[in-house]
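In: Provide a 3D model corresponding to the input given below.
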Amino acid sequence: MKIEPVSLHTPAVPSASEAIPPSAAVDRRTLPAAIAERLRNMIIEGELAAGVRLNERALCDRLQVSRTPLREAFRLLSAEGLVRMQPNRGAHVVALSQHDVRESFEVMGALEALSGELACERISDQEIAEIKALTFEMQACHARRNLSAYYHLNRVIHDRINAAGHNQLLAQVYTNINLRLQNLRFRSNLNLEKWDKAMQEHLEMADALASRDGPRLAHILRQHLRRKCEAVLEHLQSADGADGPDPSDAA
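Out: The predicted structure is shown next:
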């Protein structure tokens, strides 16, 4: 089977004229949280690039919603640290500096390691079975080079490990920091070699969890996050000097 290479370039931001099909429009019964979820996924997968201005009229056309729930969705994403809202300048996707990235991943690595240690102490057999099943499903997505589906499962697995620690405060802090790193964690897999390594680490995580080996799982998670950080910083450094997207083009 021929494997198509994954592009290392920042995905182009669609113009307002590239309206999505009506079937993909936001369900009006779930506003504004559903709008926030759609925008969150667009940010994570790079469809809305870091730093771009969010064009309200274009987004209303694409999502087939009015401005009131859209602005409420902006406020929800602002509270998560994904969007920055400024008077008379509108809303922009947050762009983290290299310093911000390094600090965030350092904290995230510590939180992931603690989650792993607590999970090994407190996780149920049923929770282990579910995470192993998700890992095998993610491995199938990796084999197909389906990054979007792979990353969705990746997020679920990390969240499940965190939840298995059964520490509400840890879960809250973890979620708040992790939200602003999702786009960067997604992009760290654009390098095929690093993606392969990440998949192998996930198999090792599932094995350590099944063995309830807290120190081993904590070590794997720390290394996993350290490699993510390195991949992100390499990408940001290579992008230095390149022209960024025109903020007015964000759809």
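
In: how is Gln200 classified with respect to secondary structure?
Out: helix (DSSP: H, G, I helix; E, B strand; the rest coil).

In: any idea how far Ala231 is from it?
Out: From Gln200 across to Ala231, the span is 15 Å (CB to CB, to the nearest Å). Bear in mind the C-beta positions are built from the backbone N, C-alpha and C, glycine included.

In: Met42 now?
Out: Taking CB to CB, one finds Met42 at 21 Å from Ala231.

In: and what of Ala91?
Out: Ala91 is 28 Å from Ala231, where distance means CB to CB.

In: same question for Pro69.
Out: Remark: distance between Pro69 and Ala231 (CB to CB) = 36 Å.

In: neighbours around the closest residue to Ser66 other than its chain neighbours, how many?
Out: Nearest residue to Ser66 in three dimensions, chain neighbours excluded: Cys60, at 6.5 Å (CB to CB, 6 or more residues apart in numbering). By other CB atoms under 10 Å, the residues close to Cys60 number 17.

In: what lies in contact with stretch 118-131?
Out: 157, 160-162, 164-167, 170, 206, 208-210, 212-214, 217 (CB atoms under 8 Å, 6 or more residues apart in numbering).

In: pull the distance from it to the chain's centre.
Out: Distance of stretch 118-131 from the chain centroid (CA atoms, centre = their mean, to the nearest Å) equals 23 Å.

In: on that earlier part again, what about Gln200 and Ala231, which has more around it?
Out: The neighbour comparison of Gln200 against Ala231 (other CB under 10 Å) goes to Ala231, with 22 against 12.

In: quick check: the residue nearest to Ser66 touching Thr68?
Out: No. Using CB atoms under 8 Å as the test, Cys60 is too far from Thr68 to be in contact (9.9 Å).

In: after the strand or helix carrying Asn41, which helix or strand is next?
Out: Per DSSP states H and E, Asn41 falls inside helix 33-44. Sequence order places helix 56-63 as the next helix or strand after helix 33-44, per DSSP H and E.

In: about what we covered before: pLDDT wise, what is the residue nearest to Ser66 at?
Out: Each residue has a pLDDT score; the one for Cys60 is 95.

In: for Pro11, same thing?
Out: Pro11 is assigned 43 on the pLDDT scale.

In: swap in the one 10 residues further on?
Out: Model confidence at Pro21, given as pLDDT, is 46.

In: for the closest residue to Arg180 other than its chain neighbours, what are phi and psi?
Out: Spatial nearest neighbour of Arg180, chain neighbours left out: Gly81 (4.2 Å); criterion: CB to CB, 6+ apart. Here the main-chain torsion angles of Gly81 (degrees, to the nearest 10) amount to phi 80, psi 10.

In: pretty sure Gly81 sits against Leu179.
Out: Yes. At 6.3 Å, Gly81 and Leu179 qualify as touching, with contact defined as CB under 8 Å.

In: and Arg227, how far from Arg185?
Out: Distance check for Arg227 against Arg185: by CB to CB, it reads 11 Å.

In: the more surrounded of the two?
Out: Taking other CB under 10 Å, Arg227 and Arg185 do not tie; Arg185 has more neighbours (22 against 16).

In: so where do the strands sit in the stretch 51-200 of the chain?
Out: Assigned by DSSP state E, counting those that start in this stretch, the strands in the stretch 51-200 of the chain fall at 83-86, 90-93.

In: list the buried residues for the first one?
Out: Yep, that's strand 83-86 we're talking about. 83-84 (16 or more other CB atoms under 10 Å).

In: quick one on the thing from earlier: any chance of a ChimeraX selection covering the buried ones in the contacts of stretch 118-131?
Out: Buried subset of the contacts of stretch 118-131, written as a ChimeraX selection, criterion 16+ other CB under 10 Å:
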select :157,160,161,162,164,165,167,170,206,208,209,210,213,214,217
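
In: great, nothing more from me.
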